[in-house]
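J.: just coords:
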């Protein structure tokens, strides 16, 4: 865990931001390219593993001479937006017909319905909008307590975006296509 030091430096700001947004975004991810909800679910929906997303900025992204409140604000809001793809996913598997199979899912209808946090691809990004700057504003002295409040506001904005559930339904013709179709060939 990073702490803000006197004098506050740009990398120190990014490191402390990471404690709020990055660490929380990357916690509790159930689904990603390394762990899909079910076998028929394409990993193309995912943008990374269950380990999460690496931070995409460094102190250089907020460096200016001197460091300005607007540069800090804009860079950290933009970086928070990149984590909004890590969000709730409701994954559904629907069997369209019985298909005459004896597989593990012989009954038509919904055979899987679960919601968990997933590391989705960038097509599922959201915007956190314009969180309160908590005093990190032009014309004001940037102090540690204001930065901490701003980081908290970014964290809350991210948490609200994470709660927006995306639903993806995968339809299959019958429960165990491979074993049903190919198994029936031997009976012909």
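T.: Looks like it came in fine. From a predicted model like this one, the values you see are computed outputs, not experimental measurements. Numbering: from 1, shown residues only.
J.: Tell me how far the closest residue to residue 4 other than its chain neighbours lies from residue 16.
T.: Distance criterion Cβ to Cβ, 6 or more residues apart in numbering; nearest residue to residue 4, sequence neighbours excluded, is residue 144 at 4.2 Å. Quick note: C-beta positions are derived from backbone N, CA and C, even for glycine. The gap separating residue 144 from residue 16 is 9 Å, by Cβ to Cβ, to the nearest Å.
J.: And the closest residue to residue 58 other than its chain neighbours, which helix or strand is it part of?
T.: Excluding the flanking residues, the one nearest residue 58 by Cβ to Cβ, 6+ apart is residue 14, at 6.0 Å. Element membership of residue 14, judged by DSSP states H and E, is helix 10-20.
J.: which outside residues touch that helix?
T.: 1-5, 55, 57-63, 67, 72, 76, 79, 147-148, 151-152, 154-155 (Cβ atoms under 8 Å, 6 or more residues apart in numbering).
J.: 6 Å - rerun?
T.: Helix 10-20 is contacted from outside by 1-2, 4-5, 55, 57, 59, 62-63, 67, 76, 151, 155, using Cβ atoms under 6 Å, 6 or more residues apart in numbering.
J.: give me the number of residues near the residue nearest to residue 58?
T.: Residue neighbour count, defined by other Cβ atoms under 10 Å, stands at 22 for residue 14.
J.: Ranking by neighbours, what's the top pick from the contacts of helix 10-20?
T.: Counting by other Cβ under 10 Å, top hit in the contacts of helix 10-20: residue 76 with 26 neighbours.
J.: Look at that residue and report its pLDDT.
T.: pLDDT recorded at residue 76 is 97.
J.: Show the contacting residues for it.
T.: In this structure, residue 76 makes contact with residue 17, judged by Cβ under 6 Å, 6+ apart.
J.: Determine whether the claim that it is in a helix is correct.
T.: Yes: counting by DSSP: H, G, I helix; E, B strand; the rest coil, residue 76 is part of a helix.
J.: what's the distance between it and residue 146?
T.: 13 Å.
J.: Assumed residue 93 was part of a strand.
T.: Yes: assignment of residue 93 by three-state DSSP places it within a strand.
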